[in-house]
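Participant: below is the sequence, then the predicted model.
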Amino acid sequence: MTRSPHVEAAPSDPTLRYRLGGRKTWMVWGAATSVYILAVFHRTSLGVAGLIAAERFHISSAQLATFTMVQLFVYAAMQVPVGALLDRVGAKKMLVTGVLLMTGGQFAFAFASTFGAGVAARVFVGMGDAMIFISLMQLIALWFPPARTAMITQLTGVLGQVGGVAAAAPLSAALHTLGWTR
């Protein structure tokens, strides 16, 4: 199990390397939340690119929905394995791995020329997304005082939606001016 610098110590315990909820805690949370915002951007990108994706892959609306459903299924199916892996390797490695998987999945999706290749790419987006959210929740639980974890978790969810908003206009503009692959 991954050990936090705070495990088994009271908030005022002088053996803590960092104070629960202190400045370093907020920096760690801010960095991880930035990664989560990027994950939500990736998660919602297909909503912006849906019509163009349907044209690119020559698929029906049902097949287009398969991209999203596969991604969500993989995200849900990965929760338990990711949680177990998180306890072994730690949140930092999981966040980095999650970003790499999501980014690789998005690049693969951008260059996919068949429906099957597109579905495979969305599998990696879902895997990376699962790693990011679970890791962030662990950081909140380990780095913040228990009385604050519910509020910080809710704040994190709200801030994560910035990624969805950020995906809309810039991604739509980029798709229409630069095209699908670029």
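Facilitator: That came in fine, so what should we check first? Numbering: from 1, shown residues only.
Participant: could I get the full set of helices for the protein?
Facilitator: Along the chain, counting by DSSP state H, helices occupy 23-57, 61-77, 79-89, 91-111, 115-143, 149-178.
Participant: tell me the most buried of the ones you listed?
Facilitator: Of all the helices of the chain, helix 115-143 has the most neighbours on average by mean count of other CB atoms under 10 Å, namely a mean of 22. Heads up, the C-betas are built off the backbone N, CA and C, glycines and all.
Participant: mean pLDDT added to the helices of the chain, as TSV?
Facilitator: Shown next, in TSV, are those (pLDDT from 0 to 100):
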stretch	mean pLDDT
helix 23-57	91
helix 61-77	94
helix 79-89	94
helix 91-111	95
helix 115-143	95
helix 149-178	90
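Participant: who's in contact with Gln161?
Facilitator: Residues in contact with Gln161 (CB atoms under 8 Å, 6 or more residues apart in numbering) are Val40.
Participant: scratch that, Leu85 is what I was asking about
Facilitator: Met94.
Participant: now do 6 Å
Facilitator: For Leu85, the contact set (CB atoms under 6 Å, 6 or more residues apart in numbering) is empty.
Participant: ok, now which ones touch Ala49?
Facilitator: Leu175.
Participant: now for the nearest residue to Met127 once chain neighbours are set aside: which residues touch it?
Facilitator: Distances taken as CB to CB, 6 or more residues apart in numbering place Leu101 nearest to Met127, at 5.1 Å, with adjacent residues excluded. Contacts for Leu101 (CB under 6 Å, 6+ apart) come out as 124, 127-128.
Participant: nearest to Thr44 among those residues?
Facilitator: Nearest to Thr44 among the contacts of Leu101: Gly128, at 14.2 Å, using CB to CB.
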